[in-house]
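*Asks:* Predicted model, plus sequence, below.
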Amino acid sequence: MRLWHEALISKLPRQQLLGQHRECCALRGLGWNKKHATVDYVFQYSPDKLFQYHIKVMDEMKKRGYNNDPLWENPAYRGKACPPYKEDVIKEENESRRIYPEHDAAYLEECISNLSAKGIYL
């Protein structure tokens, strides 16, 4: 499980982009607060941060002509197996330049190296 650096979303190959959508769906649903070394930082923030990130992924999917279930565009939606978030959990925050502070220059390099190891050169 990994959330690619935000700067890479528009550059990800099809397989990684669609995989990122699935990861976001899983994290927003039953995967919320389930420990995983690579994405534990996500749980330190409001679920709205993950929604903001997921919107970036879905926007890129739309640009490429892919479809997603529009239910995921609702910040309270958590999938068919989870009840939606209550209004007090979702706090509309002004989107900063970077959604997750962890997505810094070092993390960008880590992601590029990870993709390169898979034979993906951006």
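*Replies:* Perfect, thanks for sending it.
*Asks:* how near is the nearest residue to residue 107 once chain neighbours are set aside to residue 111?
*Replies:* Distance criterion CB to CB, 6 or more residues apart in numbering; nearest residue to residue 107, sequence neighbours excluded, is residue 5 at 5.5 Å. Heads up, the C-betas are built off the backbone N, CA and C, glycines and all. Distance of residue 5 to residue 111, given as CB to CB, to the nearest Å: 5 Å.
*Asks:* cool, residue 60 as well?
*Replies:* Distance, residue 60 to residue 111, by CB to CB: 15 Å.
*Asks:* neighbour-wise, which of the two wins?
*Replies:* Per other CB atoms under 10 Å, whichever of residue 60 and residue 111 has more neighbours is residue 111, with 20 against 17.
*Asks:* doesn't residue 9 make contact with that one?
*Replies:* No: using CB atoms under 8 Å, residue 111 makes no contact with residue 9, being 10.6 Å away.
*Asks:* Okay, now the unreliable bits of this structure?
*Replies:* Scanning the chain for pLDDT under 70 picks out the ranges 87-97.
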